[in-house]
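Colleague: here you go, sequence then predicted model.
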Amino acid sequence: MNSIKYDFTSKEVSLIINSLNSLRNYMSMQERATNVIDEMILKISNNKIEFDIYESKILINSLNNFRYKLKSTNESCSEVNDLLLKIINYTSKDNNKSTTIKGFSISNESRC
């Protein structure tokens with residue numbers, strides 16, 4: 001399986017861990033399995049920032065949910081927007097094809 005190697009700043013890693021923790025807590029409240037998310041958090045904590053395509057999609061989903069949470073509390077989410085776009089670009093470049101994320105678009109009007 002192909003892996004995608006990411007290069008994140010410490011601030012971006014912090015945002016990613018926060019978003020994954022938020023998703024993990026949400027899934028845990030629903031008594032759903034969180035094994036994959038736990039492994040992703042460990043990978044990031046050990047600076048092994050290399051995910052397969054499925055983990056990348058989980059990462060995009062968790063950041064998008066985190067973005068909505070910030071937006072609902074009127075907090076700035078511009079850093080999360082930039083990080084999402086960066087991950088989507090990494091993902092689509094690595095797959096040598098365009099990646100469409102359903103329900104995700106950032107226009108100039110919707111930026112936080």
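Modeller: Okay, I see it. Source: prediction; values computed, not measured.
Colleague: hey, let's count contacts and neighbours off CA atoms from now on
Modeller: Will do.
Colleague: which SSE is immediately downstream of the least confident helix or strand in the chain by mean pLDDT?
Modeller: In the chain, no helix or strand scores lower on mean pLDDT, DSSP states H and E than strand 3-5, which sits at a mean of 83. Remark: after strand 3-5, the chain's next helix or strand is helix 10-29, criterion DSSP states H and E.
Colleague: give the bridge partners for I4, please.
Modeller: F51 (DSSP bridges).
Colleague: quick check: pLDDT value at the closest residue to Y6 other than its chain neighbours.
Modeller: Of all residues not flanking Y6 in the chain, I49 sits nearest, at 5.6 Å (C-alpha to C-alpha, 6 or more residues apart in numbering). pLDDT, I49: 81.
Colleague: in this structure I49 contacts S3, no?
Modeller: No: with contacts counted by C-alpha atoms under 8 Å, I49 stays clear of S3, the gap being 9.8 Å.
Colleague: low-confidence ranges in this protein?
Modeller: 1, 46-48, 93-112 (pLDDT under 70).
Colleague: name all residues that make contact with the residue nearest to Y6.
Modeller: Contacts of I49 were listed using C-alpha atoms under 8 Å, 6 or more residues apart in numbering, and they are K5, Y6, D7, K43.
Colleague: output these as CSV; include the columns neighbour count.
Modeller: Output for the contacts of I49, formatted as CSV (neighbours: other C-alpha atoms under 10 Å):
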residue, neighbour count
K5, 14
Y6, 15
D7, 14
K43, 14
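Colleague: what is the most widely separated pair among those residues?
Modeller: D7 and K43 (13.1 Å; C-alpha to C-alpha).
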